[in-house]
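>>> A structural model of the following input is requested.
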Amino acid sequence: MDALTLLHERSSMGKLTEPAPSAEQLSAIYQAALRAPDHKELRPGALSSSAGGA
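Modelled structure (predicted):
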């Protein structure tokens, strides 16, 4: 599936449920986020996550 198809067919998820991503999966997610284009140079100073019920 190409990128445009993914963008056109994406849908938002409702409330997130268990299981949460593992530490390895979170690391991969963070690495991908840091590589995303940032045309206005608005890079975050830090990335964070929370686990458990709120």
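
>>> center of the chain - which residue?
Centroid-nearest residue in the chain: Ile29, 5.6 Å away (criterion: Cα atoms, centre = their mean).

>>> Let's see the pLDDT reported for that one.
At Ile29, the pLDDT value in this model is 87.

>>> tell me the SS of it?
Following DSSP: H, G, I helix; E, B strand; the rest coil, Ile29 is assigned to helix.

>>> Excluding residues flanking it in the chain, which one is nearest it?
Counting by Cβ to Cβ, 6 or more residues apart in numbering, the nearest residue to Ile29 once its immediate chain neighbours are dropped is Pro21, at 6.7 Å. All C-beta atoms are positioned from the backbone trio N, CA, C, and that covers glycine.

>>> how close does the one you found sit to Asp2?
Between Pro21 and Asp2 the distance is 25 Å, computed by Cβ to Cβ, to the nearest Å.

>>> repeat for Leu34
Applying Cβ to Cβ, the value for Leu34 to Asp2 is 23 Å.

>>> who has more neighbours, those two?
Leu34 (11 against 7; other Cβ atoms under 10 Å).

>>> any weak-confidence spans in the chain?
Across the chain, residues meeting the criterion (pLDDT under 70) sit at 43-45, 52-54.
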